[in-house]
Every structure is written in structure tokens, then in C-alpha cells.
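>>> what's the 3D shape of this:
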Amino acid sequence: MLKNLIIHPFLFSLFPLLVIFQYNIHEVPLTDIFLPLFFSFIIVLGSWIILRFFLSGKKSGLIISLTVMLFVIYGNLHTFILNMDHEFSFLGGNMVMGIVFFVLLIAGIFYLVKTKKVLDNANSITNTIGLAMVGILVITIAIYYYENPVDYSISNFSDMPYSANNVPIKPDIYLLVFDEYAGNIQLKNDFNYNNTDFMVELQDRGFYVPEISYTNYPNTHLSMPSVLNMHYLNFFTEELGKDSQDRRLLDESLHNNLVMKILKLYDYKITTFYGGMGAVGNSNLVSEKLCSFGTVNTDLRKNLVLTYLPISYFNTVLLQTHQDKKLDCILSILPEIKGTEDMPVFVMGHFRLPHEPFIYDSEGKLKTEESDNEDEAYLEQLIFTSKKILELADNILENTNRESVIIIMSDHGYRTNIDWENPSNENYISGFNNLSAYYMPNQMDNIPETISPVNIFRIIFNSYLDTEFEILDDRQFWHTIERPFDFTDVTDKLPR
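This next block holds a predicted model:
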């Protein structure tokens, strides 16, 4: 039966995506894989239909399967060799490996087109291989979800008010998160860079800029749920265990967060953006999510392009240009959004800046080639990011006709050189030292000298919405990449 069916090209179209998903299953939501799988399937189906006009169905299928698998092997081998710290890493260059694989592909296609042999056995064997590979992955994924059930009620926080207080004036609130923007201490220590001029520019615009600022966690996936739920997240350890890498509860707590629930009670219209890190919020909380450009999962997109299309042209079109368009969209649209007295707005933009990919120089020009020095590339993009932050702040202050609250922050510092397993005090600074600046009209006296991110919205809600949230102690919790829920309190190891 398998010798007559032609299912292997469609199975092979699913294989690379399922491999990436299975490897990252603890951090990539299942729904993020559906659209990529659909597009991959459609591309292969369309290619097969076109080839059927010239060749038999079996020959067409075998040519497509050969092409897909050579691309997969080439992409993985190319990435592996380039990441090797070895004198032969130059072999990963497109001109060397590319020619070899191109010759193999042409030779394979030529043979399949010219052969007079009946291809029943080849078709049957390829079908069997495809079924085995995809079947194993699907079973592995299913077993993971079966053995790791999630009680999502754990992520629901209990201190939400049951009703909104009668507040006459509710300000528009803008939360602008710039991913991996390092704080002043780290910039001086690691880059010998003085960012004082930028901080003074923010202060001149009426922002309060703490001299020293730390996040509560050194990772986006913990720091942002903590900010938007106004809670520390250490209780996840009891639920999931110190060895768990499963982020499904964290993702649920982020998208069904307490801050948006409270703002919804106060009749806020909530808008979020796909600024490179995904748009936060469930559909029952968020009115609109803008600047998606067909976004699936940003990291999944990057891994797919770098692994399966490791050619400079595709990297530029699918990563650099795509990212530039998304950022340009959010920078142009966000400051135009403003509310009314009856319906104020909460606007959140999480920018993948100055976080890699490092696509801008310090003047904001798109780079034509990848930098050899990652630290220098980061600093250039940070300098450009500072300029865009000031422009964005100016545009919001100019366009809104109401006094607005503006929070400018980063979710952690620059972490490329961190030793997660054996951190030094400098590593702690790199993980936690962040950017933070606050514009709170008529409430500047309510801002404490040091603001812990977990307290940002507690302070804002108490100041503007007449709530009475307790202000929590400022704590910093370290964890490793492999054990994200194994927390260590390192508050006392950071300079104050």
C-alpha cells in the first residue's frame, strides 16, 4: 500500500518544524506551531502540483522530499559548523558547503528525472521513513503534554478588587519595555560607556529616573509576568518543581495578567503591539493587537530561518527587514493612540531593542552584514534605541491631550557574557541592572527613591485609581537557564 501512496513530501514538510517545537516544547505554546505547519504543508503541496505537470507523481514527490531533507541537513550542519570554535569553521561558509549541497541536489534531481526504473520501492521506503520520523515526534509531544498537565488556576492572582472605585480622572498609561537595555552600572562596568546624557534628557522631559535600578528576575519570561501581576512568582516553584522548564503557567499568567484585569474594571481600552517579542494579553482583555506582520513566534521564526534558510539573502529579508518593519510600525502608531475621559487607554509595547538581532548601527541605519563583535553591535543598537526612546516620549507627550503616565523600562540587563551556573557579583549586575524612567503627572511625590518593578503598578494604581495595594519589599531572585524555577535570593549581593 505504501508503494502507491505519495505522502512522504508532506510528512517531511512537517518534520523540521516539529523537531524545533519538540526541542523547545517547554517554552513554545502549542498554538504557535499550527500556522507554520500549515504554510509549510501548502508550499510543498503547491510545489508537488506544479511538478506533476512535467513528471509523474512519484518522481515529483521524491524530488521534493530530497530537496527538503537536503535543506534540513545543510541548515543544521551549517549552523553547527559556524558555531564551532575550530579552525575548520570556515567550511560553514555558504560558498563551500553551499556548492557541495547544490551539486548533490542537482545530481539527485537529474537521476530521478532520467531514471527509467519503477520507483515503487523508493516511494515505499521514503513513506516509511517519513511516517516513522513524524510519528515518533508526535508521540513524544503527546507524551509530554500527558505527563505534564497544568492547573492554570494557579496563575490567577487573588488580590484583584471586585469593583472599581469612583475615580473622576483616569490617565492614559503607556508601558514601553525595551528588551535587554542595560542599566548605568553595567554600561560603565562592561562597556566603559556613560549614559548620563540620555538620562538627563529624560529628566528634562519630566521623567523620574532612579540612579540605581534592578529588575526582580534576570529573564523576560519571569520579569514581565511579575511586573504585570504585581507579584513575586516564587510560588511557581512549589507547583512545578525546581527542575521544571515548563513555561505554560508563566505564559498564562502573562497573558491573563492582573494589571489588565484591573484596568478593564476601570473601563480602559487596552492595546498591545508585536514589537518583536509578541503581543501580551488574552482576547478577553485586549481590544487590539497591532503590527503583527504575520507574526507567529519570534524565536521560532528566527530558528527556522537560520536553520533551514541559512543564506544571507533570506536572513536579510526574513529577519532583518521583517524586524525593521515591525519596529517602524510600532514607533509610528503607538504615540498616536490616546484615550478619552470615558475610555482611557493602556498601551503596551515590548520592543526587541536593543536585544539582538543587531540590525542597526548607532545612527539607525540597517547593517548590511553581521558584526564580528557582539558587544560592539549591542552598544551601537543601544545608542540608537536611546534616540528612539526620546522621540517616542516626545511624540506621546505632544500627541496626547490628557496627562498621561509613561513607564519606560527594560526587563533585564545585557546577559551575553553571564556565567549562569557560577555567577559573580558582576554577573548579578548584568542580569538585574536595567533601565527605568517614570512620568507620573501630579503624583511625582508618590514615587519612592527606589522602585522595584513588582511595585510599579501598585504605585500607579494607588496614586491614580484610589486603590490600596501594599508596597512589597525589593528583592532580586537568581536562577539558571536550565532551572528557571530554582530561585536564589541575591538581593544583598547587588550594590545599592
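
>>> which stretches of the stretch 201-350 of the chain have low pLDDT?
By pLDDT under 70, the weakly predicted segments of the stretch 201-350 of the chain are 276-277, 293-319.

>>> Show me the helices in it, by range?
Here the stretch 201-350 of the chain has its helices, by DSSP state H, counting those that start in this stretch, at 220-229, 235-240, 248-255, 258-265, 298-308, 312-315, 322-333.

>>> Who are the packing partners of the second one?
By that I understand helix 235-240. When contacts are defined as 3 or more Cβ pairs under 8 Å, 6 or more residues apart in numbering; DSSP states H and E, helix 235-240 packs onto helix 248-255. No exception for glycine: its C-beta is placed from N, CA and C like everyone else's.

>>> and the angle for the longest helix along the chain with helix 248-255?
Looking across the chain with DSSP state H, the single longest helix is helix 120-147. Relative orientation of helix 120-147 versus helix 248-255 (axes from the mean of the first three to the mean of the last three Cα atoms, to 10 degrees): 70 degrees.

>>> Let me see the mean pLDDT of helix 120-147.
The average pLDDT within helix 120-147 is 90.

>>> helices or strands up against it?
For helix 120-147, the packing partners by 3+ Cβ pairs under 8 Å, 6+ apart come out as helix 8-23, helix 57-82.

>>> on that earlier part again, which one of the helices of the stretch 201-350 of the chain lies nearest to residue 49?
helix 298-308 (21.7 Å; Cβ to Cβ).

>>> hang on, residue 416 packs against residue 379?
No. Counting by Cβ atoms under 8 Å, residue 416 stays clear of residue 379, with 11.7 Å between them.

>>> can you pull the pLDDT of residue 478?
97.

>>> whoops, I mixed them up, residue 383
In this model, residue 383 is scored at 97, pLDDT.

>>> Just say helix, strand or coil for the residue nearest to it when sequence neighbours are not counted.
Counting by Cβ to Cβ, 6 or more residues apart in numbering, residue 362 is the residue found nearest to residue 383 once chain neighbours are left out, at 4.1 Å. Look at residue 362: counting by DSSP: H, G, I helix; E, B strand; the rest coil, its state is coil.

>>> I'd like to know how many residues surround residue 362.
14 (other Cβ atoms under 10 Å).

>>> And it, what's its pLDDT?
On the pLDDT scale, residue 362 gets 93.

>>> that older thread, ok, residue 416 and residue 379, which is more surrounded?
residue 379 (21 against 11).

>>> So for the more buried one, what's the pLDDT?
97.

>>> Over to residue 467?
Reported pLDDT for residue 467: 92.

>>> can you start the count at 3 instead of 1 from here on
Taking 3 as the first residue, the last one we looked at is residue 469.

>>> That one contacts residue 463, correct?
Yes. Taking Cβ under 8 Å as the definition, residue 469 is a contact partner of residue 463 at 4.3 Å.

>>> More neighbours: the two, which one.
Set residue 469 next to residue 463 and count neighbours by other Cβ under 10 Å: residue 463 wins out with 21 against 18.

>>> how much space is there between the more buried one and residue 256?
19 Å (Cβ to Cβ, to the nearest Å).

>>> now do residue 340
In terms of Cβ to Cβ, residue 340 sits 25 Å off from residue 256.
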